[in-house]
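A.B. asks: Take this sequence and fold it.
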Amino acid sequence: MSTTVSSSNKGTARKAPAERAADILDSACKLAVEQGLSSLTLRSVAARAGVTSTLVAHYSDGVDGLIAEVFTRIVSREIEEVRAAAAGGRTPTQRLRTLCEELLDGTRDNTTLVWVEALAMGYRNERLATSVRASLDDWQQLFSSVIADGVSCGEFAVHSPAAAAWQIQGLIDGVNEQALVLQQAPASRGDLIYGAAERILGLQPGSLDLNPDPTVVAGRTE
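C.D. replies: Next comes the predicted model:
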């Protein structure tokens, strides 16, 4: 009798469980970045990974669990990239400017879509909601730590770094989310954000602008 095994089954059988699970998660993340979290089903992930839906179900804790895991993977990667970029700033103002630039330049719109869908889908997916809350806390901690450093050295004038962080994050998120539909030019997003952030932090106009007026000296307002 024949012992021939189909090429698809052979490919599936060759990989160790941990490697197969990692491949499935990677495929799900790529699909979510391209088409959004709402595109994730056992069938769509299986098609992207080149495996069966049954195998995806075996290596994931249901669709809700898979979506939560994918969201966490995508946004964790984003915050690490932004944190690393901002770490190069010599002053809190420079670090905050980099944070804003990284999030407002229009290159992360696919991740913004993941965030928008996660906020909506989390209403009925508690595991996803838990992941969203944890990720929001991570962003708030990043922004508030930079702002607290600025207060300590006299660059910023705010009573609550945490509250200022939430305000600036909310402005950035709102503008980015609207831009998904309005197709607003990336440069104009900064025009909407920098002035408001400067007022929140007690900075001179132009302090956070990537192309500031050379006649304006950056620094805290008196």
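A.B. asks: in stretch 41-50, what's buried?
C.D. replies: Neighbour counts over stretch 41-50 (16 or more other C-beta atoms under 10 Å) mark Thr41, Leu42, Ser44, Val45, Ala46, Arg48, Ala49 as buried. (Glycine included, C-beta is placed from N, CA and C.)
A.B. asks: Give me the pLDDT for the fifth one.
C.D. replies: Looking at Ala46, its pLDDT reads 96.
A.B. asks: helix or strand for it, which one?
C.D. replies: Assigned by DSSP states H and E, Ala46 falls within helix 42-49.
A.B. asks: helices or strands up against that helix?
C.D. replies: Counting contacts by 3 or more C-beta pairs under 8 Å, 6 or more residues apart in numbering; DSSP states H and E, helix 42-49 packs against helix 17-35, helix 53-58.
A.B. asks: Next secondary structure after the lengthiest helix in the chain?
C.D. replies: Looking across the chain with DSSP state H, the single longest helix is helix 126-152. Next along the chain after helix 126-152, taking DSSP H and E as the criterion, comes helix 161-182.
A.B. asks: quick one: contacts of that next one?
C.D. replies: The contact list for helix 161-182 (C-beta atoms under 8 Å, 6 or more residues apart in numbering) reads 100, 103-104, 106, 108-109, 112-113, 115-116, 139-140, 143-145, 147-148, 151, 156, 158, 184, 186, 189, 192-193, 196-197, 200-201.
A.B. asks: Quick check: buried residues in it?
C.D. replies: Buried-residue list, helix 161-182, by 16+ other C-beta under 10 Å: 161, 164-169, 171-173, 175-177, 179.
A.B. asks: repeat for stretch 117-133
C.D. replies: Glu117, Ala118, Met121, Gly122, Asn125, Arg127, Leu128, Ala129, Ser131, Val132.
A.B. asks: Just list the residues touching the fifth one, thanks.
C.D. replies: Taking C-beta under 8 Å, 6+ apart, we find Asn125 in contact with Asp64, Ile67, Ala68.
A.B. asks: Distance check, it against Leu40.
C.D. replies: 11 Å (C-beta to C-beta, to the nearest Å).
A.B. asks: Same check on the last one?
C.D. replies: Val132 sits 15 Å away from Leu40, going by C-beta to C-beta.
A.B. asks: Now do Ala85: how many residues are near it, please.
C.D. replies: Neighbourhood size, Ala85 [other C-beta atoms under 10 Å]: 14.
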